[in-house]
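Enquirer: sequence and predicted structure below; questions after.
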Amino acid sequence: MYGYVRPVKGELKVSELERFRGVYCGLCHELARRYGFWSRFLVNYDFTFLAMLLAEDAPARTCPRRCPAHPFHKTECLESCQSLQTAADMTVVLGWWKLADGAADKSFPASWACRFACRALKGAYDRAVSRQPDFAAAVKEDLGALQTLEKEKCPSLDAAADKFASILRSIAGGIEDPARQRAAGELLYALGRIIYILDAADDLADDIRADSYNPLRYRFAPVDGRLSPEDEKVLRTSMQHSHNALVSAYALMGENVYTGILSNTIYLGLPAATQAVFAGTWNTSAKIHRKRSSI
């Protein structure tokens, strides 16, 4: 997906880092188990965060497994559980739609690659829809509304960000406890708004060159693909309000076995990603992160 929702690994305890790797690798194996080999390529940090957020406050059971990325040694992976299954289902649904959007918007050959991936994953997508019909319906409805705003070149950042944020909020619908469901819904809505704005800021220069929709093009007046310091300050203030709402909702969620990792991601990881995007170093730092990471 986007990859902005990740912890600062250097600030994790050794046990927390191992637990985080276990969830990430567990999600990859769960995708393969439920949807086949090619779905592994959809694994991402954002839905690893979701799997941890939705986890019950119970010991995490792991088991050693091999995978194509680590064929010569086994990695401790989280065993299949409800939160991991839910995260895998929703990864496929939202991942497929992101590929479909890329097929429609990107130029050749990138659009061809997206179209090929969509066809390869269509069966997996159909199975995921049957398992998560409410979420799939929400994704289709909100992305349809977002596409309408894009065609209209809507200058309202709030209107566009709301549609993506609403998709993430719908994830909380499967939580049985009403209080926890409300808190998770508010947290995920705020997180969705942050992710959408970060992605828009990260892609601004490329979208201007490609003459693609980006709400920041019409809300502000970028020059050479960058916002002015005044406009950037306005945007970052708006994002800070969403982050404050996210933190408030997180405080109501209660603790689970992944609380240390979740707190690291919320209090350190998201601000670090925001700083990197606005400094123009996100793509470089993300590539270095992937090369150095063992997951």
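Expert: Right, received. Where do you want to start? Keep in mind that this is a model prediction, so the values were computed, not measured.
Enquirer: strands of the stretch 1-150 of the chain, start to end?
Expert: 62-67, 70-78 (DSSP state E, counting those that start in this stretch).
Enquirer: could you dump the ones you listed into CSV and include mean pLDDT?
Expert: Output for those, formatted as CSV (pLDDT from 0 to 100):
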stretch, mean pLDDT
strand 62-67, 89
strand 70-78, 87
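Enquirer: out of these, nearest to residue 6?
Expert: strand 70-78 (16.9 Å; C-beta to C-beta). Just so you know, the C-beta spots here come from the backbone N, C-alpha and C atoms, and that holds for glycine as well.
Enquirer: may I see the buried residues of the closest one?
Expert: Residues of strand 70-78 classed as buried: 75, 77-78 (neighbour count, 16 or more other C-beta atoms under 10 Å).
Enquirer: ditto for stretch 192-205
Expert: 192-204.
Enquirer: which of those residues fall within helices?
Expert: Here DSSP state H is the test, and those give 192-204 as lying in helices.
Enquirer: one step back: any chance of the buried residues of stretch 192-205 in JSON lines, plus pLDDT and distance to residue 63?
Expert: Below are these laid out as JSON lines (pLDDT from 0 to 100; distance: C-beta to C-beta, whole Å):
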{"residue": "192", "pLDDT": "97", "distance to residue 63": "32"}
{"residue": "193", "pLDDT": "97", "distance to residue 63": "37"}
{"residue": "194", "pLDDT": "97", "distance to residue 63": "34"}
{"residue": "195", "pLDDT": "97", "distance to residue 63": "31"}
{"residue": "196", "pLDDT": "96", "distance to residue 63": "36"}
{"residue": "197", "pLDDT": "97", "distance to residue 63": "39"}
{"residue": "198", "pLDDT": "96", "distance to residue 63": "35"}
{"residue": "199", "pLDDT": "95", "distance to residue 63": "35"}
{"residue": "200", "pLDDT": "96", "distance to residue 63": "40"}
{"residue": "201", "pLDDT": "96", "distance to residue 63": "40"}
{"residue": "202", "pLDDT": "95", "distance to residue 63": "37"}
{"residue": "203", "pLDDT": "93", "distance to residue 63": "39"}
{"residue": "204", "pLDDT": "95", "distance to residue 63": "44"}
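Enquirer: just to revisit the earlier point, tell me which of the buried residues of strand 70-78 is nearest to residue 38?
Expert: residue 77 (19.0 Å).
Enquirer: so who does that closest one touch?
Expert: Residues counted as contacts of residue 77 (C-beta atoms under 8 Å, 6 or more residues apart in numbering) are 22, 25-26, 28-29, 62-65.
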